[in-house]
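K.L.:
missing the sequence, but the structure's below:
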């Protein structure tokens with residue numbers, strides 16, 4: 001009997017974000033809520049610390065399949081708005097490499113992009129985060145410029161992959177750990193060429209109609225998009241930067257997630273208020289008569 005009741009109760013609880021929001025909106029109290037849908041846990045931790053109103057809920061973009069990400073953010077916000085259950089919902093997603101697409105990327109209504117490539121890079125671009133990190137570990141100040149320099153190389157590959165739709169698997173097949181010298185806390189000799197060759201070989205083996213891909217095509221793409229002239233904060237992926245920074249430290253006998261935690265902890269409201277993201281969210285909220 002107890003197991004039956006437990007199972008019934010569990011079935012009644014929504015297990016993914018869109019259903020959760022619908023469930024909350026079904027009550028009179030829920031109609032007073034505002035929702036900010038974000039990609040994942042770190043985004044929630046970042047934006048939630050600036051919200052004092054208990055009626056504002058920052059929610060991770062969990063889909064029915066358990067995944068999170070920018071597509072879920074866009075879909076959840078679009079679907080809820082289309083159902084006309086509430087206009088008090090917006091989404092925040094990483095801008096990723098939308099600025100480099102060969103067409104104009106149209107952001108869905110009430111979805112807003114980070115100023116820089118992603119959450120981590122937007123935060124790392126601020127004075128509050130830089131000062132906080134340097135105080136926490138003074139080695140970081142000298143390492144960061146080198147990390148950005150090296151992180152750009154992976155960024156070029158990621159941009160090329162996104163824009164040209166090559167289908168590269170960066171989590172398993174083409175990653176910095178494959179060209180990392182763990183004994184000396186640095187990248188291997190000639191690592192850039194090794195990384196480029198990994199990318200080209202993988203794309204040539206799996207991609208159509210781009211097969212065969214080549215380093216010449218990669219170089220031509222980078223030059224066409226003038227990526228060498230772009231800021232580090234647009235090119236580098238935050239996870240790559242954190243990985244490089246962690247592995248470059250002379251002592252890293254702590255969980256790598258501590259670095260991201262420190263980045264988020266030091267991000268100030270003053271710096272957040274200077275971002276275009278903040279301006280966009282505030283403008284949206286003012287337009288519908290709510291305070292976020």
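P.N.:
Cool, got the structure. Please read these numbers as outputs of a predicted model, since none were measured by experiment.

K.L.:
Doesn't residue 173 belong to a helix?
P.N.:
No: according to DSSP: H, G, I helix; E, B strand; the rest coil, the state of residue 173 is coil, so it is not within a helix.

K.L.:
Spit out the contact partners of the nearest residue to it once chain neighbours are set aside.
P.N.:
Distances taken as C-beta to C-beta, 6 or more residues apart in numbering put residue 202 closest to residue 173, at 5.0 Å, once the chain neighbours are dropped. Every residue, glycine included, has its C-beta placed from N, CA and C. Residue 202 sits next to 168-169, 173-174 when contact means C-beta atoms under 8 Å, 6 or more residues apart in numbering.

K.L.:
Which residue ranges of the stretch 1-150 of the chain form helices?
P.N.:
Assigned by DSSP state H, counting those that start in this stretch, the helices in the stretch 1-150 of the chain fall at 2-12, 17-25, 41-48, 70-82, 119-124, 127-136, 139-164.

K.L.:
what inclination does the last one have with respect to helix 127-136?
P.N.:
To tie it back to what came earlier, the one meant is helix 139-164. Relative orientation of helix 139-164 versus helix 127-136 (axes from the mean of the first three to the mean of the last three C-alpha atoms, to 10 degrees): 130 degrees.

K.L.:
which secondary structure elements does helix 139-164 contact?
P.N.:
Counting contacts by 3 or more C-beta pairs under 8 Å, 6 or more residues apart in numbering; DSSP states H and E, helix 139-164 packs against helix 127-136, helix 191-206, helix 215-224, helix 232-235, helix 238-248.

K.L.:
Name the next helix or strand following that helix along the chain.
P.N.:
Next in sequence after helix 139-164, counting helices and strands by DSSP states H and E, comes strand 180-181.

K.L.:
same question for that following strand, mean pLDDT?
P.N.:
In this model, strand 180-181 has an average pLDDT of 95.

K.L.:
Mind pulling the model confidence for residue 288?
P.N.:
94.

K.L.:
For it, give me its contacts.
P.N.:
87-88.

K.L.:
Residue 223: how many residues sit nearby?
P.N.:
Neighbourhood size, residue 223 [other C-beta atoms under 10 Å]: 10.

K.L.:
Out of the helices of the stretch 1-150 of the chain, which is the most enclosed?
P.N.:
Neighbour counts (mean count of other C-beta atoms under 10 Å) averaged over each of the helices of the stretch 1-150 of the chain peak at helix 119-124, with a mean of 27.

K.L.:
What helices and strands are in contact with that helix?
P.N.:
Counting contacts by 3+ C-beta pairs under 8 Å, 6+ apart, helix 119-124 packs against helix 41-48, helix 232-235, helix 238-248, helix 257-266.

K.L.:
which residues are in contact with the shortest one?
P.N.:
Outside helix 232-235, the residues that touch it by C-beta under 8 Å, 6+ apart are 99, 116-117, 121-122, 124-125, 148, 151-152, 155-156, 159, 227.

K.L.:
pLDDT of that helix, averaged?
P.N.:
On average, helix 232-235 scores 98.
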